[in-house]
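Asks: Take this sequence and fold it.
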Amino acid sequence: MITRTRWILAPAAALALWAGCSASTPNSNSTAPSGATSSGASVNADASMLSNDSDASMAAAAPPPAAPAAPALGPLAIVAGERREVPSPSPRVRITAPANNATIREDHVEVRLNVTGWRDTTNAQDLRHVHLVLDDQAYQRVDDPSRPVNLEHLAQGTHVLRAFPGWETHETVKTDGAFAMVVFNVGAPSREVRFNPRAPLLTYSRPKGRVEGASAGHMLLDFYVANIPANQFSATGFRVRPSIDGQAMSELTAWVPYYIDNLPDGEHTIALELLGPNGERAPGHLNRAEQRITVSRTPSPPATPAAALDPHAAH
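Replies: A predicted model of the protein is given here:
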């Protein structure tokens, strides 16, 4: 039985060896027909190497459908709004610390506010707040003005601190008594700063930071002006010149909230300048201010639990 098995297998192995050598050695006197493999099997040239179904192959190779194009934006514009009616009695703001003209030896200061006629801090649904502005920086939102606010890492020299109320929409309250300002020094006063607290003054408010969702298409542009009589803010008096990414826009000749329409998504620079009746920038280093903002019509993912503790911290 063993001898017979060897006699049967040996020719089969030899035959396989001969067939492999024959297939790997081309015949110099013949040419393989087009569309045939070396084993002689016929193959559809249009078929995928992974499928004999040419239709399935073409479908797999087709590019994915293009995403729908974003709707075209209209022309960039700044449009005027209307002042919101202020409750009675109107809010009043004072800065009780630091004292005006104080000199501070450290690089930090504790700010204390006295705000009346404004937010009910016991009502979580009351989202009115106070805007606190240091020099030309973006404002810091203060939800509970009864608590002190710490400003840290202050540069040496003269600083100007301003505070005024903001609605839940961040529009500023534009009434007498709703604005407070103090000037203080960290160490010696700045030699290059000669600030006159009684001169016309512009304070930039909105927009700032990241503007997203529905508000990105109709974006609040707002500011506070001080030491300017109401009848002197006009087309022939004091007015504000806005610029978007270096492009000057039409001058703002009424002290009302404005809105930027059709600003594309992405990063932008918004600048405001206070002009005098002569059309030149009003004197004062703070009468031109700008902020770098990011616009996104797609809202950010929900905040993490830690960030959710203070949902308005960046606003």
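Asks: Which residues are in contact with the closest residue to residue 152 other than its chain neighbours?
Replies: Once flanking residues are discounted, residue 152 sits nearest to residue 108: 4.3 Å by C-beta to C-beta, 6 or more residues apart in numbering. Placement of C-beta: from N, CA and C, glycine included. Residues near residue 108 by C-beta atoms under 8 Å, 6 or more residues apart in numbering: 150-154.
Asks: which of these count as buried?
Replies: Buried subset of the contacts of residue 108 (neighbour count, 16 or more other C-beta atoms under 10 Å): 151, 154.
Asks: of all the contacts of residue 108, which comes closest to residue 224?
Replies: Among the contacts of residue 108, residue 151 lies closest to residue 224 (C-beta to C-beta), at 19.2 Å.
Asks: what residues go with each domain of the protein?
Replies: 82-195, 197-308 (automatic domain parsing).
Asks: Just put the ones you listed in JSON lines and tack on mean pLDDT.
Replies: Below are the domains of the chain laid out as JSON lines (pLDDT from 0 to 100):
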{"stretch": "domain 82-195", "mean pLDDT": "95"}
{"stretch": "domain 197-308", "mean pLDDT": "93"}
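Asks: Residue 72 is nearest to which of the ones you listed?
Replies: For those, proximity to residue 72 was assessed by C-beta to C-beta; domain 197-308 is nearest, at 9.5 Å.
Asks: mind saving the C-alpha coords of stretch 255-268 as PDB?
Replies: The C-alpha coordinates for stretch 255-268 follow below in PDB (Å, rounded to 0.1, in the frame of the first residue of the first chain):
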ATOM      1  CA  TRP A 255     -25.900 107.100  19.500                       C
ATOM      2  CA  VAL A 256     -28.000 104.000  19.100                       C
ATOM      3  CA  PRO A 257     -27.100 100.300  18.800                       C
ATOM      4  CA  TYR A 258     -26.000  99.200  15.300                       C
ATOM      5  CA  TYR A 259     -25.800  95.800  13.600                       C
ATOM      6  CA  ILE A 260     -23.300  94.400  11.100                       C
ATOM      7  CA  ASP A 261     -25.100  92.300   8.500                       C
ATOM      8  CA  ASN A 262     -23.500  89.700   6.200                       C
ATOM      9  CA  LEU A 263     -20.100  89.500   7.700                       C
ATOM     10  CA  PRO A 264     -18.600  86.200   6.400                       C
ATOM     11  CA  ASP A 265     -17.400  83.500   8.800                       C
ATOM     12  CA  GLY A 266     -13.800  83.700   9.900                       C
ATOM     13  CA  GLU A 267     -11.600  86.100  11.700                       C
ATOM     14  CA  HIS A 268     -12.100  89.900  11.400                       C
END
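Asks: Just the buried positions in it, please.
Replies: Result for stretch 255-268 [16+ other C-beta under 10 Å]: buried residues 255, 257-260, 263, 268.
Asks: Pretty sure residue 118 sits against residue 90.
Replies: No. In this structure, residue 118 is not within contact of residue 90 by C-beta atoms under 8 Å, at 9.1 Å.
Asks: Looking at those two, which is more packed in?
Replies: residue 118 (21 against 15; other C-beta atoms under 10 Å).
Asks: And for stretch 94-105, what's in contact with it?
Replies: Stretch 94-105 has contacts (C-beta under 8 Å, 6+ apart) with 109-115, 148, 154, 161, 163, 180-187.
Asks: tell me the contacts of residue 172?
Replies: 131, 164-166, 178, 205, 222-224, 257 are the contacts of residue 172 under C-beta under 8 Å, 6+ apart.
Asks: can you do 6 Å?
Replies: Taking C-beta atoms under 6 Å, 6 or more residues apart in numbering, we find residue 172 in contact with 164, 166, 205, 222, 224.
Asks: Now for residue 168: which residues touch it?
Replies: Residue 168 touches 127-128, counting by C-beta under 6 Å, 6+ apart.
Asks: Oh, that last question was meant for residue 140, not what I typed.
Replies: With contact taken as C-beta under 6 Å, 6+ apart, residue 140 is in contact with residue 132.
Asks: If it is in a bridge, with which residues?
Replies: Taking DSSP bridges as the rule, residue 140 bridges to residue 132.
Asks: Count the neighbours of residue 232 for me.
Replies: Count around residue 232 with other C-beta under 10 Å applied: 15.
Asks: quick revisit: now the contacts of residue 172 in CSV, with distance to residue 250?
Replies: Compiled in CSV, these are given as follows (distance: C-beta to C-beta, whole Å):
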residue, distance to residue 250
164, 25
166, 25
205, 19
222, 16
224, 20
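Asks: Could you point out which of those residues is nearest to residue 82?
Replies: So of the contacts of residue 172, ranked by how close each gets to residue 82 (C-beta to C-beta), first place is residue 222, at 12.5 Å.
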